[in-house]
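Novice: task: produce atomic coordinates for the following.
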Amino acid sequence: MRVKERQYKLLEEKKIDHEGLRSLFDEDQLVVFRELRDEWVVARVRFFRGLTLSRESSTETVNLECEAIEFDGKSFRCRVHQPRVAKFTGTKNITELEVYPLSYHSDRLELIRGSIESGRWRQLCNQLVTQDGTRRPAATVMQYVGYCEMSGMRVERRGIEEGRNEIDTGREISGRVIVDPTKFPARKILFTKHNVDPFAPTGKPEGDPLENDPLLLCPTKVLVYSLSDNAWYYVAMRKLENPTWVDNAWKRLVKPGSKFADKSIERIRLLAKAHADIDRSRQMDGSFDNFRGKGKGLTFLLHGPPGVGKTMLAECLRGAREAAIQT
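Specialist: Residues are numbered from 1 along each chain as shown. All right, here's what the predicted structure looks like:
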């Protein structure tokens, strides 16, 4: 009885010792833990596992098995998170644990709102399919400024190149990125065996409506391809924005004092405009080829010494078509 009284007293002080971890977590409880440095993952507890020996660090840990929502490239599914709490001595503030109940977060409502905002990931994923009725994944260009972490393959390659076992995988990036759902299956993600729609009504309206919103469990990070770095990164979903394009890009282009160059540039501009008009008409009448993307490209070969404006002209083409450019 004294042990229980001690645990209750610690919980009132928002503290915990290692023996009290079992009383801290409950099945179907929402918990939070860090991901991508500054991002919080919200997941729902399914199982609580006792003290086990971690193979990676050879330390004793308490393991949780939680569920959240993830997009596998074609549909939304429930994924498995397995956060751990390393064994410790004495007492700790609950918010100092590697994972702890959402109810103990110092800014719970703000965290919930931010997580639901990241849930617009569902809207983005619904846009990442072609509009021809085939539901085939399609890539999209977006803008990102902020912290990122390398994907597993990139980390392994960089470690081999630098001859180090442990490397800093995070950095700041700024620029356009490509979100390509066809690459999502390559991620090392453990999904649940039951294949149900995580957004389907649960029939459990009781409790806080905010905590019952499925968007709360959507991922906080997404795999993207950086066009400036030519590398795959994980970035914060909430910081992805629609790209901004330069209006009247052709008018801003500084043309050389040559009639031949002026005519060449004007010819390229008209070709790009005609190609855009054809593409729009195809989308309007729904006439799509059986082979996705076939015959829809437009190729230019720009030749000349450095400084004559090849890249600048390519930037104008990109702005006119609102498309990505990879250098």
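
Novice: give the contact list for the nearest residue to Pro243 once chain neighbours are set aside.
Specialist: Of all residues not flanking Pro243 in the chain, Gln143 sits nearest, at 4.5 Å (CB to CB, 6 or more residues apart in numbering). For the C-beta atoms, the positions are set from N, CA and C on the backbone; glycine is no exception. The contact partners of Gln143, by CB atoms under 8 Å, 6 or more residues apart in numbering, come to 175-177, 240-244.

Novice: count the neighbours of Glu149 for me.
Specialist: 19 (other CB atoms under 10 Å).

Novice: okay, and the beta partners of it?
Specialist: Gly170, Tyr234 (DSSP bridges).

Novice: picking that back up, just the pLDDT at the residue nearest to Pro243, thanks.
Specialist: Looking at Gln143, its pLDDT stands at 90.

Novice: returning to that earlier point: out of the contacts of Gln143, who's the most crowded?
Specialist: That'd be Val177 among the contacts of Gln143, by other CB under 10 Å, with 26 neighbours.

Novice: wait, a strand at that one?
Specialist: Yes - membership of Val177 in a strand is supported by DSSP: H, G, I helix; E, B strand; the rest coil.

Novice: buried sites along the helix or strand harbouring the residue nearest to Pro243?
Specialist: Per DSSP states H and E, Gln143 falls inside strand 140-150. Neighbour-count burial for strand 140-150 flags 140-142, 144, 147-150 (criterion: 16 or more other CB atoms under 10 Å).

Novice: quick check, nearest of the residues you listed to Glu65?
Specialist: Glu149 (23.5 Å; CB to CB).

Novice: separation between that closest one and Ala231?
Specialist: According to CB to CB, to the nearest Å, Glu149 and Ala231 sit 11 Å apart.

Novice: list the contacts for Ala139?
Specialist: Ala139 neighbours (CB under 8 Å, 6+ apart): 128, 178-182.

Novice: phi first, then psi, for it.
Specialist: Ala139 has phi and psi values of phi -80, psi 160 when expressed as degrees, to the nearest 10.

Novice: for it, give me the pLDDT.
Specialist: 77.

Novice: list the buried ones in the longest helix anywhere in the chain?
Specialist: Of all the segments of type helix in the chain, defined by DSSP state H, the longest one is helix 259-285. Residues 265, 268-269, 272, 275 are the ones in helix 259-285 that count as buried (16+ other CB under 10 Å).

Novice: check which helices and strands it sits against.
Specialist: When contacts are defined as 3 or more CB pairs under 8 Å, 6 or more residues apart in numbering; DSSP states H and E, helix 259-285 packs onto helix 310-321.
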